[in-house]
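Asks: Okay, sequence plus prediction incoming.
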Amino acid sequence: MLLSRRAFAAGSAIALLIPKARAQQSPSPVTGKPRLAIGGYDTVAYFTDGKPVPGKPEFTFQWHDENWQFASAAHRDLFIAHPDQYAPQYDGYCAMGVAHEAGTKLTGDPTAWTIVNGKLYVNSSTHWRDEWRKDTAANISRADVNWPAVKNMPEPKS
């Protein structure tokens, strides 16, 4: 199969990006594998677009041993300038799980989210997001107390 010069050039450009993206990955201290933050969704989009937007591998940035993907270079650059402003609380794990009496680490669902006082919270399902929203102040207070212990728990099983 013959490729046009344009197709070959585009493919070559993409191939050049792949090693760069891989070089940004570092192993998680818990699993030894890189973790894709919030399932690859663009954390800035929750604030700018008001909805979850999948990120793209070509707009990846590594922060806190996680790979963050963004829908655009502009969103990536906003995150780079102010990561604490855009990153979800509790490293994107289920906020309600962290707030639970014993505290637990559950994988967050990027479509089950809430912004409270300018901070992003992700839950493991829309059910738990709705429960979270019933008393955000109390849930945030409990989760903030539990988080130091929960963050050192093993990764949830996929």
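Replies: That came through fine.
Asks: Point to the residue nearest the middle of the chain.
Replies: By Cα atoms, centre = their mean, the chain has its centre lying nearest to Ile38, at 2.5 Å.
Asks: any chance you could map the strands in this structure?
Replies: Taking DSSP state E as the test, the strands found in the chain are 35-36, 56-63, 66-70, 109-116, 119-123.
Asks: Strand partners (parallel or antiparallel) of the second one?
Replies: Which is strand 56-63. Within its sheet, strand 56-63 is paired with strand 66-70 (antiparallel), according to DSSP bridges.
Asks: returning to that earlier point: take the strands of the chain and lay them out in a markdown table including mean neighbour count, mean pLDDT and distance to Tyr86.
Replies: Where you see a C-beta, it was placed from the backbone N, CA and C, and this is true even at glycine. Converted to a markdown table, those look like this (neighbours: other Cβ atoms under 10 Å; pLDDT from 0 to 100; distance: least, Cβ to Cβ, whole Å):
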| stretch | mean neighbour count | mean pLDDT | distance to Tyr86 |
| --- | --- | --- | --- |
| strand 35-36 | 18 | 89 | 16 |
| strand 56-63 | 17 | 96 | 10 |
| strand 66-70 | 23 | 95 | 9 |
| strand 109-116 | 18 | 97 | 11 |
| strand 119-123 | 24 | 98 | 7 |
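Asks: which one of the ones you listed lies closest to Trp132?
Replies: Closest approach to Trp132 among the strands of the chain (Cβ to Cβ): strand 119-123, 5.4 Å.
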